[in-house]
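>>> Have a look at this prediction, sequence included:
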Amino acid sequence: MSSVDRPGTPAPVEFAVDLSAHEMLRRTHVMSALGTDWDPAAALRGEEEAYELLYSGLSEEQQRLYDELVSAGVLPARGGGHAAT
């Protein structure tokens, strides 16, 4: 027997919290912390360069594993599906 079926048990109450104002405040703080000179395009370029560097100079075995991970969908394909050498 659930608590709803027992006599004298209060009915469930709908509970909702609107976090919209808090989310806007959080975003404001994030943008403030990033500063006015933050360049999102440059940040993305830097991230891509870091990934290219990460997967460069792989040994034959590492390249094979990389290709398997790309084929399995674990890693995104980069440079035509092969790590840079």
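Structure's in. What do you need?
>>> Give me the pLDDT for Glu49.
On the pLDDT scale, Glu49 is placed at 91.
>>> what does Ala43 give?
With respect to pLDDT, Ala43 scores 93.
>>> ok, how many other residues are close to it?
Other residues within reach of Ala43, judged by other CB atoms under 10 Å, total 11. Every residue, glycine included, has its C-beta placed from N, CA and C.
>>> Repeat that for Pro7.
4.
>>> mind checking the SS state of it?
coil (DSSP: H, G, I helix; E, B strand; the rest coil).
>>> How is Ala77 assigned, secondary-structure-wise?
Per three-state DSSP, Ala77 ends up coil.
>>> Pretty sure it sits against Val70.
Yes. Between Ala77 and Val70 there is a contact under CB atoms under 8 Å: 5.1 Å.
>>> So for those two, which sits in the more crowded spot?
Comparing Ala77 with Val70 by other CB under 10 Å, the one with more neighbours is Val70, at 17 against 11.
>>> give me the low-pLDDT residue ranges for the chain?
The chain contains residues with pLDDT under 70 at 1-5, 79-85.
>>> Apply 50 and report the result again.
81-85 (pLDDT under 50).
>>> Tell me how many other residues crowd Tyr55.
Applying other CB under 10 Å, we find 19 residues neighbouring Tyr55.
>>> Please apply the same query to Met24.
Residues near Met24, counting by other CB under 10 Å: 10.
>>> Find the helix or strand that it is a member of.
helix 20-34 (DSSP states H and E).
>>> Mind exporting the C-alpha coordinates of the helix or strand that that helix is followed by to PDB?
Sequence order places helix 40-54 as the next helix or strand after helix 20-34, per DSSP H and E. What follows is helix 40-54, C-alpha atoms only, in PDB (Å, rounded to 0.1, in the frame of the first residue of the first chain):
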ATOM      1  CA  PRO A  40      35.600  32.600 -28.900                       C
ATOM      2  CA  ALA A  41      36.800  32.000 -32.500                       C
ATOM      3  CA  ALA A  42      40.400  32.100 -31.400                       C
ATOM      4  CA  ALA A  43      39.600  29.800 -28.500                       C
ATOM      5  CA  LEU A  44      38.100  27.200 -30.800                       C
ATOM      6  CA  ARG A  45      41.100  27.500 -33.200                       C
ATOM      7  CA  GLY A  46      43.400  26.900 -30.300                       C
ATOM      8  CA  GLU A  47      41.400  23.900 -29.200                       C
ATOM      9  CA  GLU A  48      41.600  22.400 -32.700                       C
ATOM     10  CA  GLU A  49      45.300  23.000 -32.900                       C
ATOM     11  CA  ALA A  50      45.700  21.300 -29.500                       C
ATOM     12  CA  TYR A  51      43.800  18.200 -30.800                       C
ATOM     13  CA  GLU A  52      45.900  18.100 -34.000                       C
ATOM     14  CA  LEU A  53      49.000  18.200 -31.800                       C
ATOM     15  CA  LEU A  54      47.600  15.500 -29.500                       C
END
